[in-house]
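Trainee: I need the structure of the sequence given here:
(one chain, ligands or ions: 1)
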Amino acid sequence: MPKTPPTAPAAASDDPQDWDHELSAFGPDPNAAPPLPAEPVGGPLASARAALERLSTWVPIRALARRHRHRIIDHLLALEPQDRYLRFGYPASDEQIRKYALAIDFGRDEVLGIFNRRLQLIALAHVAYGLPPTSASQGSMAEFGVSVLAQSRGRGLGRRLFDAAALHARNRGIDTLFIHALSENRPMLRIAAAAGAVVERDGAESAAWLRLPPDTVGSQVEQALDRQLGELDFQLKRQAQMLSGFVESVAEVKAHFDAPSRPDKE
Ligand SMILES: CC(C)(COP(=O)(O)OP(=O)(O)OC[C@H]1O[C@@H](n2cnc3c(N)ncnc32)[C@H](O)[C@@H]1OP(=O)(O)O)[C@@H](O)C(=O)NCCC(=O)NCCS
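Mentor: Okay, here's the model as predicted:
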C-alpha cells in the first residue's frame, strides 16, 4: 500500500494491548526477534546449510521491466475487490490500477514477479525506493507492496517475494524495509513479523519496519544467482510454451489431412 511512512520507531510499545500482543496468536513475537536479521551463525557450514535449505524450496523470481507493464496490469486487474482494497488501501478501480502500473518508475524502483508454467504472472511485488527520510536519523527506506493471485496463495509465494525484496533493498544499501498494511491483513503482517519487523498498529492501519543488515559479498552473490536462475526458468517456460504451441499446430495440420470426410479424399 503506497503511503509516505511515518518515522520508524526505535522499539515496539510496551502496552500489553498493543498489536504485538495480538500478533502472538498467529506468529512469532517481533520484539523477541533480533533487531537485525544477521547472517547465519555457525560459520561456513551453517551458511551452506541455509543455502541448501533455500535451494530445496526455491521459487523462481524474475525482475520485471517496462515491457512487462501489460502483464503487471493483467495481474492487478485479476485481483478481487477485497484484495485490491488490501493491496492499495482503497477499492482501486480498473482505471486506478492502470494509472498505478503506468506510473511505476522502473529506473528507480524494482518490480519482482513469479510466473506459472503458462507464463501467467501469479505473484507481484513492488519495491519503491527513494522515500524521503522524515528525520536525519532515519536513514534510507524502501516500501514493499505485494499481491498473489487467490488460487496461488498459501504456498509461501508472498513470503518469498518479501525475502527477495529485503535482499535487494539490503544490497542497495537501504536500512529499512517499510510495509503499510490494513490491520486486518493477517497474512501480510505475519510475513513481516516472522521476518523480524517491528509492527505498529494504528486502528485499522498498521505499519511494519524491517531493519536490514548491511550487504555482504554473500548477499550480492545470492541476488545475482537468483536473477540468473529466475531468467533461465522464464526462458525455459517460454520455450516449453512455444514447443507445445508448435506440437499443437502440427497435430492440427495432421488431423486436417487425416480427416476421412475431406472432399478431395472422397
Ligand atoms: C498478503 C499476500 C500477498 C500473502 O500471499 P501468500 O502467498 O498467500 O502468503 P504466504 O503463503 O507466503 O503466507 C504468508 C503467511 O500468512 C499466513 N496466512 C495465510 N492466510 C492467512 C490468514 N487468513 N490468516 C492468518 N495467517 C494467514 C500463512 O500461513 C503464512 O504464514 P506461515 O508461513 O507462518 O505459515 C496475499 O494474501 C495477497 O495477495 N493479498 C491481497 C493483497 C495484499 O493484501 N497485499 C499486501 C498489502 S501490500
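
Trainee: contacts, neighbours, all on C-alpha from now
Mentor: Fine.

Trainee: Give me the distance between the most centrally placed residue in the chain and residue 123.
Mentor: The centre of the chain sits closest to residue 161, judged by CA atoms, centre = their mean, with a distance of 2.9 Å. Look at residue 161 and residue 123: by CA to CA, to the nearest Å, they are 8 Å apart.

Trainee: shared neighbours of the two, anything?
Mentor: Common contact partners of residue 161 and residue 123 (CA atoms under 8 Å, 6 or more residues apart in numbering): 113, 146.

Trainee: hang on, the earlier thing: in this structure the residue nearest to the centre of the chain contacts residue 112, no?
Mentor: Yes. With contact defined as CA atoms under 8 Å, residue 161 reaches residue 112; the gap is 7.2 Å.

Trainee: separation between residue 48 and the ligand?
Mentor: Applying CA to the nearest ligand atom, to the nearest Å, the value for residue 48 to the ligand is 22 Å.

Trainee: name the element that residue belongs to?
Mentor: Following DSSP states H and E, one finds residue 48 within helix 43-56.

Trainee: likewise residue 125?
Mentor: With DSSP H and E as the test, residue 125 turns up in strand 121-128.

Trainee: So what touches the following helix or strand past that strand?
Mentor: Remark: after strand 121-128, the chain's next helix or strand is strand 141-148, criterion DSSP H and E. Where contact means CA under 8 Å, 6+ apart, the residues beyond strand 141-148 that reach it are 1-2, 76, 87, 122-133, 157-158, 161-162, 165, 169, 174-180.

Trainee: Can you flag the buried ones in these?
Mentor: 1, 76, 87, 122-129, 133, 157-158, 161-162, 165, 169, 174-180 (16 or more other CA atoms under 10 Å).

Trainee: where do the contact lists of residue 161 and residue 112 overlap?
Mentor: The contact sets of residue 161 and residue 112 overlap at 61, 124, 125 (CA under 8 Å, 6+ apart).
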